[in-house]
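K.L.:
The sequence isn't on hand, but the structure is:
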């Protein structure tokens, strides 16, 4: 309660997290409690000490693994000492201090839960990261030439054979299978440097994902989660998607459908010969919820980009990077393919403005810069900004983001 969340969750190192948790917990984490301090501030038992030990970089103890650190459980007496646990000799002032201590430990445990999630994610992805690095190293040696037409044709035939009734994808619906076209197979082969085995795995993932998301792909209906839209195209006629975090109204998980529909709209607007798009992520005004620190929605979107929307990304421009966003990025960065990392560019507001002016015509650049300026005008309310949210449809006309 004494420290704003954006000041301590932004720590990027486990040592910093330990120090910050200690600060939140007051003096209990720094020295053993004697009788007087126990009366004023209930002992956190062994759990917070184990949390701090884990946050410092040591392996998580089994006792900690069994503890429910969800938001609901933090309010239960089974996980936190109640103020009534204080000595019966406590004065009113010490009881009040006890309540403050309990609140501090509750906040400390919430932060510890985030630390645990990030650490487990990194541990689980360590082996996969090593495999990716080895595969990237082999690919850089193996694929130093353009694939020949016969090689591409052979790879396409091998992948499309997976759709036969006796093959792994034979059980999928016709709706899922119709996405397995020759053009899609070629995009996967280009993305994976001609590696047919890896492309086939992404092929399976993409079609399974399509079957699971049939409703949103057909209806293209979504809950409006914020300002994410096709705002124009660059000088090479690639669609440009603009997204500003200041206008995010729902959690990241609830915004996934809108992201999918926006990319489908971008694909619809692509002229002949264009297959990829540009993303502009304006992180100005980002307001973090605890749910936004959950990396699962970001991981799901990365997997979707690497399979269903393979080879659709030209570049992603990220404007500004708050410390808390950096912590989330560090958690999922190991899951991002090397080719995708090369397409991500971090810029300041001034750098982004110059880049947009050089990559887009005057009309589109003015539209993007006007949106950025509007999102930085504190005099405007969200409802006022929403009235200006216009997207470009497949015919190139400006239409409201939501009809």
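P.N.:
Structure's in. What do you need? Given the structure is predicted, the values throughout are model-derived calculations rather than measurements. Residues are numbered from 1 along each chain as shown.

K.L.:
so where's the stretch 151-300 of the chain shaky on pLDDT?
P.N.:
288-293 (pLDDT under 70).

K.L.:
Please, where are all the strands along it?
P.N.:
Residue ranges of the strands in the stretch 151-300 of the chain, as given by DSSP state E, counting those that start in this stretch, are 227-233, 239-244, 277-282.

K.L.:
Residues in contact with the second one: which ones?
P.N.:
Translated: strand 239-244. Strand 239-244 has contacts (CB atoms under 8 Å, 6 or more residues apart in numbering) with 226-234, 262-263, 266-267, 269-270, 274, 277-282, 284-285, 360, 364, 368, 371-372, 375, 392. C-betas here are computed from N, CA, C, even on glycine.

K.L.:
Show the buried residues in those.
P.N.:
226-234, 262-263, 266-267, 269-270, 274, 277-282, 360, 364, 368, 371-372, 375, 392 (16 or more other CB atoms under 10 Å).

K.L.:
Apart from its chain neighbours, what residue comes closest to residue 161?
P.N.:
residue 167 (6.2 Å; CB to CB, 6 or more residues apart in numbering).

K.L.:
again, but for residue 401
P.N.:
residue 389 is the one closest to residue 401 (CB to CB, 6+ apart), at 4.1 Å.

K.L.:
Per-residue pLDDT of that neighbour, please?
P.N.:
Residue 389 carries a pLDDT score of 96 in this model.

K.L.:
list the contacts for it?
P.N.:
Residue 389 touches 227, 229, 400-402, counting by CB under 8 Å, 6+ apart.

K.L.:
Just flag the most distant two among the residues you listed.
P.N.:
Within the contacts of residue 389, 227 and 400 form the most distant pair, 12.2 Å apart (CB to CB).

K.L.:
re earlier: ok, which of the strands of the stretch 151-300 of the chain comes nearest residue 181?
P.N.:
Of all the strands of the stretch 151-300 of the chain, strand 277-282 sits nearest to residue 181, with 18.9 Å by CB to CB.

K.L.:
Sheet-wise, list the partners of that closest one with their directions.
P.N.:
Sheet pairing for strand 277-282, assigned by DSSP bridges, gives strand 239-244 (parallel), strand 313-319 (parallel).

K.L.:
and the ones you listed as a markdown table, adding distance to residue 193 and mean neighbour count?
P.N.:
A markdown table is the format used below for these (distance: least, CB to CB, whole Å; neighbours: other CB atoms under 10 Å):
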| stretch | distance to residue 193 | mean neighbour count |
| --- | --- | --- |
| strand 239-244 | 25 | 24 |
| strand 313-319 | 16 | 19 |
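
K.L.:
so where do the helices sit in the stretch 101-250 of the chain?
P.N.:
For the stretch 101-250 of the chain, the helices defined by DSSP state H, counting those that start in this stretch cover 126-142, 149-160, 174-177, 182-191, 196-212, 214-219.

K.L.:
Flag every buried residue along the third one.
P.N.:
Residues of helix 174-177 classed as buried by neighbour count (16+ other CB under 10 Å): 176-177.

K.L.:
Show me the shaky parts of the stretch 1-150 of the chain.
P.N.:
1-146.

K.L.:
80 - rerun?
P.N.:
Filtered on pLDDT under 80, the stretch 1-150 of the chain yields the residue ranges 1-147.

K.L.:
Could you find the closest non-adjacent residue to residue 222?
P.N.:
Using CB to CB, 6+ apart, the nearest residue to residue 222 is residue 257, at 3.8 Å.

K.L.:
Can you report how many residues lie near the one you found?
P.N.:
19 (other CB atoms under 10 Å).

K.L.:
got it, and residue 387?
P.N.:
Other residues close to residue 387 by other CB under 10 Å number 9.

K.L.:
In a markdown table: the helices of the stretch 101-250 of the chain, plus distance to residue 294.
P.N.:
Listed next are those as a markdown table, based on distance: least, CB to CB, whole Å:
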| stretch | distance to residue 294 |
| --- | --- |
| helix 126-142 | 19 |
| helix 149-160 | 33 |
| helix 174-177 | 28 |
| helix 182-191 | 27 |
| helix 196-212 | 20 |
| helix 214-219 | 21 |
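
K.L.:
and of those helices, who's closest to residue 311?
P.N.:
For these, proximity to residue 311 was assessed by CB to CB; helix 182-191 is nearest, at 4.0 Å.

K.L.:
neighbouring contacts of that closest one?
P.N.:
With CB under 8 Å, 6+ apart as the criterion, helix 182-191 contacts 147, 152, 155-156, 159-160, 195-196, 199, 202-203, 206, 275, 306, 310-312, 339.

K.L.:
Make a ChimeraX selection of the buried ones in those residues.
P.N.:
Command for ChimeraX that selects the buried part of these, burial taken from 16+ other CB under 10 Å:
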select :147,152,155,156,159,160,195,196,199,202,203,206,306,310,311,312,339
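
K.L.:
re earlier: you'd agree the residue nearest to residue 222 is up against residue 219?
P.N.:
No. Using CB atoms under 8 Å, residue 257 makes no contact with residue 219, being 9.7 Å away.

K.L.:
Can you lay out the contacts of residue 389 as JSON lines showing distance to residue 297?
P.N.:
Output for the contacts of residue 389, formatted as JSON lines (distance: CB to CB, whole Å):
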{"residue": "227", "distance to residue 297": "17"}
{"residue": "229", "distance to residue 297": "19"}
{"residue": "400", "distance to residue 297": "26"}
{"residue": "401", "distance to residue 297": "21"}
{"residue": "402", "distance to residue 297": "21"}
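
K.L.:
just to revisit the earlier point, my read: the residue nearest to residue 161 touches residue 159, true?
P.N.:
No. Assessed by CB under 8 Å, residue 167 is found out of contact with residue 159, at 10.4 Å.

K.L.:
any low-confidence regions in the stretch 301-403 of the chain?
P.N.:
Along the stretch 301-403 of the chain, segments meeting pLDDT under 80 span 322-332, 403.

K.L.:
All the helices of it, residue numbers only.
P.N.:
323-332, 338-341, 349-359, 362-375, 382-386.

K.L.:
between the longest one and helix 349-359, how many degrees?
P.N.:
Here helix 362-375 runs at an angle of 160 degrees relative to helix 349-359 (axes from the mean of the first three to the mean of the last three CA atoms, to 10 degrees).

K.L.:
I'm done for today, thanks for sticking with me.
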